[in-house]
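A.B. asks: sequence? don't have it. structure:
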């Protein structure tokens, strides 16, 4: 994983997922405390701050990632470009840019806020629950990818038609369609109506 000031400061030395703190929020997105990452995802789940990033190439294709098989939550499934959790006190925009670089080796261009969405998605395979207040971001990717194999198994750029085809046959993250649907107005503004999003 590339080392950034944020990962150096906030990532525990043992790398244990349950040692990373998340920011707990109320239904309005106001911070009310912190919880360990794994504990926050145990049923019934604790509402916490998260982010989702959607990056597009210059042809208007969405960058998807297949989550690495070694991940403890939703391994091997397809999902949006990048998603994760800000550290307590970290701005969601900064977290989104940081994590995109850590996972994919690229810094997003024209990254912009695309609203928020609140959801509750249990994952039947892992038994974990996504109770999230999710900050959405859209932007462009304009440089070659350098995915971290511990985070990302593979990537794909897709058109809306290719996404529909892939979504019908492959397994996607429980939250994918919820965050994509919430981000669509900003996606259309970024890519233009001709892209079909």
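C.D. replies: Okay, I see it. Remember, it's a predicted structure, so these values are computed and weren't measured experimentally.

A.B. asks: Low-confidence stretches in the protein?
C.D. replies: 1-18 (pLDDT under 70).

A.B. asks: Give me the residue at the spatial middle of this structure.
C.D. replies: residue 83 (1.0 Å; Cα atoms, centre = their mean).

A.B. asks: so what's it up against?
C.D. replies: Counting by Cβ atoms under 8 Å, 6 or more residues apart in numbering, residue 83 touches 50, 51, 52, 53, 99, 134, 173, 175, 179. From N, CA and C alone the C-beta is placed, and that goes for glycine too.

A.B. asks: bridging residues for it?
C.D. replies: residue 52 (DSSP bridges).

A.B. asks: For it, give its distance to residue 193.
C.D. replies: 26 Å (Cβ to Cβ, to the nearest Å).

A.B. asks: Please apply the same query to residue 65.
C.D. replies: Taken as Cβ to Cβ, the span from residue 65 to residue 193 is 26 Å.

A.B. asks: of the two, who's got more company?
C.D. replies: residue 65 (24 against 8; other Cβ atoms under 10 Å).

A.B. asks: Hmm, that one is touching residue 155, no?
C.D. replies: Yes - Residue 65 is within contact range of residue 155, at 5.2 Å (criterion: Cβ atoms under 8 Å).

A.B. asks: Centre of the chain to the longest strand seen in the chain, how far?
C.D. replies: Across the chain, the longest stretch assigned as strand under DSSP state E is strand 109-122. Strand 109-122 has its C-alpha centroid displaced from the chain centroid by 9 Å (Cα atoms, centre = their mean, to the nearest Å).

A.B. asks: Report the strands that pair with it, each with its relative direction.
C.D. replies: Going by DSSP bridges, the partners of strand 109-122 are strand 129-140 (antiparallel).

A.B. asks: Who are the packing partners of the helix or strand just after the partner strand?
C.D. replies: For strand 129-140, the succeeding helix or strand toward the C-terminus, using DSSP states H and E, is strand 152-158. If you count contacts as 3 or more Cβ pairs under 8 Å, 6 or more residues apart in numbering; DSSP states H and E, strand 152-158 packs onto strand 62-67, helix 92-104.

A.B. asks: Which among those is found nearest to residue 23?
C.D. replies: For these, the distance to residue 23 is smallest for helix 92-104, at 9.5 Å, taking Cβ to Cβ.

A.B. asks: Would you mind listing the residues in contact with residue 125?
C.D. replies: Shown in contact with residue 125 (Cβ under 8 Å, 6+ apart): residue 74.

A.B. asks: Numbering from 43 from now on, please.
C.D. replies: Sounds good: first residue 43 from here, last item residue 167.

A.B. asks: helix or strand for it, which one?
C.D. replies: Using DSSP H and E, no helix or strand contains residue 167.

A.B. asks: how far away is it from residue 232?
C.D. replies: Distance of residue 167 to residue 232, computed by Cβ to Cβ: 32 Å.

A.B. asks: Which single helix of the protein contains the most residues?
C.D. replies: Assignment by DSSP state H gives helix 218-233 as the longest helix of the chain.

A.B. asks: Now it: buried residues?
C.D. replies: 218, 220, 221, 222, 224, 225, 226, 228, 229, 232, 233 (16 or more other Cβ atoms under 10 Å).
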